[in-house]
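In: sequence below, structure please.
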Amino acid sequence: MTTLAKLPVTVITGFLGSGKTTLISQLMQNPGGRRLAVVVNEFGDMGVDGDILKGCAIPNCPAENIVELANGCICCTVADDFIPTIEALMAMDPRPDHIVIETSGLALPKPLLKAFDWPDIRSKITVDGVIALADAEAVAAGRFAPNVAAVDAQRAADDSIDHDTPLSEVFEDQMSCADIVLLTKPDLAGPDGVAKARAHIAAHAPRPIPVVEVAEGVVDPRIILGLEAAAENDLDARPSHHDGHDDHEHDDFASIVVDIPELADPADLVAAIEGLAQAHNILRIKGYASVTGKPMRLLVQAVGARVRHQYDRPWSPTEPRAGRLVVIAEHHDIDAAAIRSLLAPTPQQA
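Out: Below is the predicted model:
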């Protein structure tokens, strides 16, 4: 790459818990000879994914090449956050060969593509491709709608309602904007679930889009890097539910941070999260916990009632052994008091 060539950027989008961080950590380990830089945009007040990726840093993607933006949607903070971050990465020595942007699971990708038309950077970078991840099991089950039956009943009862639920719109916008869709966790979905997910994506895609099954984030980098799509110049082929709007809202979703006490048994936290997801339509929970007698920090990732946890690294001597979780849901499902009482009960409640 010459200094006059545009720096390629790959946008990784996908619904909450679809496996974006896992995919990027695998790319960092196998970048196809490229020196990568990674920008992580979190939804909520506490960053998790950036810390996970920094723990995976290697010479071709060192920790200083991993930037976390947790101040909101980067396409809404272009001048303050996005442009300075891109300029700083481009000024690094050695300069990255490729930038990967992990969007928030709640992000609409098209406004981000429009941000690449910003005068300060449009002649210097190009969107090499948009990669959308879709959880095969969740898509097959229609989980991007919090309660499909209730939505259908409401639509049938009120002729004035003729739009999708917010989660469905986010999902369809992500698929519509994609150059390639990665169908993740196919083992959990099974052959029938994968077939249903593929059929749903094909039915809602504005054009034929390649769909590739991916387990544990492992994919040949030649499939998703080096597409040369120049997506910033191809916006008309990527329709959105929000076309025609000058801005976009994030008020449909909310998040809170919950401090949790040290655990005697991780199974207790898993049970609490499962109950919370069923009672309050929680979309996503992620964060860390401290387990009594364990020197390692427990990483917790939940999508709905499906919870995964693993010990990711030792606690640092300089950090408190404190558990914290980010809880994300649609705005009307956030009941902070109820959530905290389930995840961090007082001794009287326990």
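In: ranges for the helices of this structure?
Out: With helices called from DSSP state H, the chain shows them at 20-29, 49-54, 83-90, 109-115, 136-141, 148-157, 166-177, 186-204, 221-224, 266-280, 336-343.
In: now stretch 287-296: buried residues?
Out: Neighbour-count burial for stretch 287-296 flags 287-291, 294 (criterion: 16 or more other Cβ atoms under 10 Å). Every residue, glycine included, has its C-beta placed from N, CA and C.
In: now that stretch, how far from the chain's geometric center?
Out: Here stretch 287-296 is found 24 Å from its chain centre; the criterion is Cα atoms, centre = their mean, to the nearest Å.
In: for the protein, what are the low-confidence residue spans?
Out: 1-4, 16, 42-81, 105-107, 143-167, 242-253, 303-304, 330-333, 346-350 (pLDDT under 70).
In: would you map the strands across it?
Out: 7-14, 36-41, 66-69, 98-102, 125-135, 180-184, 211-214, 253-260, 284-289, 296-303, 306-314, 323-330 (DSSP state E).
In: out of those strands, which is closest to Leu108?
Out: Nearest of these to Leu108, taken as Cβ to Cβ: strand 7-14 at 8.6 Å.
In: strand partners of the closest one, parallel vs antiparallel please.
Out: Using DSSP bridges, the strands paired with strand 7-14 are strand 98-102 (parallel), strand 125-135 (parallel).
In: give me the angle between that strand and helix 20-29.
Out: Taking axes from the mean of the first three to the mean of the last three Cα atoms, to 10 degrees, strand 7-14 and helix 20-29 form an angle of 150 degrees between their directions.
In: so how far is strand 7-14 off the chain centroid?
Out: Chain-centre distance of strand 7-14: 12 Å, with Cα atoms, centre = their mean.
In: repeat for stretch 126-134
Out: On Cα atoms, centre = their mean, the centre of stretch 126-134 falls 13 Å from the chain's centre.
In: pull out the buried residues from that stretch.
Out: Neighbour-count burial for stretch 126-134 flags 126-134 (criterion: 16+ other Cβ under 10 Å).
In: kindly report the same for stretch 93-113.
Out: By 16+ other Cβ under 10 Å, the buried positions in stretch 93-113 come out as 96-113.
In: from Ala205, how far off is the closest residue to Arg198 other than its chain neighbours?
Out: Once flanking residues are discounted, Arg198 sits nearest to Val211: 5.7 Å by Cβ to Cβ, 6 or more residues apart in numbering. Spatial separation of Val211 from Ala205 under the definition Cβ to Cβ, to the nearest Å is 9 Å.
In: out of those two, which sits in the busier spot?
Out: Between Val211 and Ala205, counting by other Cβ atoms under 10 Å, Val211 is the more crowded of the two (20 against 15).
In: re earlier: redo the helices of the chain as JSON lines? Include distance to Asn41.
Out: Formatted as JSON lines, the helices of the chain follow (distance: least, Cβ to Cβ, whole Å):
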{"stretch": "helix 20-29", "distance to Asn41": "10"}
{"stretch": "helix 49-54", "distance to Asn41": "9"}
{"stretch": "helix 83-90", "distance to Asn41": "10"}
{"stretch": "helix 109-115", "distance to Asn41": "9"}
{"stretch": "helix 136-141", "distance to Asn41": "21"}
{"stretch": "helix 148-157", "distance to Asn41": "28"}
{"stretch": "helix 166-177", "distance to Asn41": "14"}
{"stretch": "helix 186-204", "distance to Asn41": "24"}
{"stretch": "helix 221-224", "distance to Asn41": "18"}
{"stretch": "helix 266-280", "distance to Asn41": "24"}
{"stretch": "helix 336-343", "distance to Asn41": "24"}
